[in-house]
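>>> Attaching a predicted model along with its sequence, questions to come.
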Amino acid sequence: MKISIVQMNSQGDKAANIAAAKDLVAKAAEDRPDLIVLPEYWALLGDGPAEFHASAEAFPEGEAYAAMAELARRHAVTLHGGSIVEKHGNAFHNTTVVFAPDGSEIARYRKIHLFDVDVPGGVSHRESATIAPGSDIVTYRCKGRTVGCAICYDIRFPELFRALRDRGAEVIVLPAAFTLMTGKDHWEVLARARAIETQTHFVAVGQYGTHAGGRKACFGHSMVIDPWGHVTAQVGDHVGHTTVTINHEYRDRVRQNVPVHNHHVL
C-alpha cells in the first residue's frame, strides 16, 4: 500500500482552505498513492466555538464534504478526510469521513477523547465547549487491508488503539492539530509508542504553523511509523506532502516474532 500524507496550515477562511487542500491532494496524487490523508480540521482551524460551529456541515451536505468526495473520485484514490466539524442534530462533532475511489463514503469516525486542559497560570483549552464526543470504534478497508481511525488527542489513550488492533487494524491513521508546546515533546514519542504496541503502520498527519491570527501554533512533523517504531517518512517544517510505500510482510514478521497480541490477559 502506498500512502501520501498532506500537511497543511489551515486558517479561518474555509474556501481558501478547501482550495489549498485541492492543490495539495492533486500534487500528492501524482505519486499514485492508494491512500491520501489530510490533517485534523483541514477545512477550518478556527479560534472558538462560534467560528467552528459556523463552519459545520450536516453530511452529506456541505462544501468540504463535496470536495472530499470529488477529490477521491477525480484522483481514483481512497481519501481519509482528516477531520471537519459535523453538525448532527443539535450536536457538533469532530469527524473523520473516508471516501472510496469512486467518491462514496466508506467510513465516519467521531473523535472520542476531547482535549480539555486548564494549565494554572497558562493556557486554557476546552474542546468540549465546541464539540460533543463520539463513541464508536471505526475501521475501513483499503487495498484489502484494515485501517483504523483516531483523531489527535485520542493518541494519549492506548486502550482505543488496542481496540482497533483487536478489530484487525493493520494501519492506523491519526489526523491531528497537535499544539506546538506539547508536540515538540510528545508527538513523536506517543506516535511511535502506539505503532509499537499495536504493531501497525501508524500514520500521524498534523497541521503545521501558526493560526488564529498567530495566537496559536501547531507542531506539524507529519509522519509514517512502521510496526517496529521506526519513522519511515516525515514532512518537514512546511506545508506539503510525502509518500511512502508500507510493507505488510514486514508487519506480519514483527507480529510473528513478538506476538504480544496473543499475550493480553486483561
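That came through fine. Since this is a predicted model, take the numbers as computed values, not measurements. Numbers count the residues shown, from 1 in each chain.

>>> okay, CA-based contacts and neighbour counts for the rest of this
Noted.

>>> contact partners of the one helix or strand in the chain whose mean pLDDT sits lowest?
Every helix and strand of the chain was ranked by mean pLDDT, DSSP states H and E. The lowest is strand 124-126, at a mean of 73. Around strand 124-126, the neighbours that count as contacts under CA atoms under 8 Å, 6 or more residues apart in numbering are Leu114, Phe115, Asp116, Val117, Asp118.

>>> so where do the strands sit in the stretch 101-250 of the chain?
For the stretch 101-250 of the chain, the strands defined by DSSP state E, counting those that start in this stretch occupy 105-110, 116-118, 124-126, 139-142, 145-149, 171-176, 201-206, 208-211, 216-219, 223-225, 231-234, 240-245.

>>> Any chance of the ones you listed in JSON lines with distance to Val85 and mean neighbour count as columns?
Shown next, in JSON lines, are these (distance: least, CA to CA, whole Å; neighbours: other CA atoms under 10 Å):
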{"stretch": "strand 105-110", "distance to Val85": "10", "mean neighbour count": "20"}
{"stretch": "strand 116-118", "distance to Val85": "17", "mean neighbour count": "11"}
{"stretch": "strand 124-126", "distance to Val85": "16", "mean neighbour count": "13"}
{"stretch": "strand 139-142", "distance to Val85": "20", "mean neighbour count": "18"}
{"stretch": "strand 145-149", "distance to Val85": "16", "mean neighbour count": "22"}
{"stretch": "strand 171-176", "distance to Val85": "13", "mean neighbour count": "28"}
{"stretch": "strand 201-206", "distance to Val85": "16", "mean neighbour count": "30"}
{"stretch": "strand 208-211", "distance to Val85": "17", "mean neighbour count": "21"}
{"stretch": "strand 216-219", "distance to Val85": "18", "mean neighbour count": "19"}
{"stretch": "strand 223-225", "distance to Val85": "24", "mean neighbour count": "28"}
{"stretch": "strand 231-234", "distance to Val85": "26", "mean neighbour count": "18"}
{"stretch": "strand 240-245", "distance to Val85": "23", "mean neighbour count": "19"}
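
>>> nearest to Ile3, of those?
strand 240-245 (5.5 Å; CA to CA).
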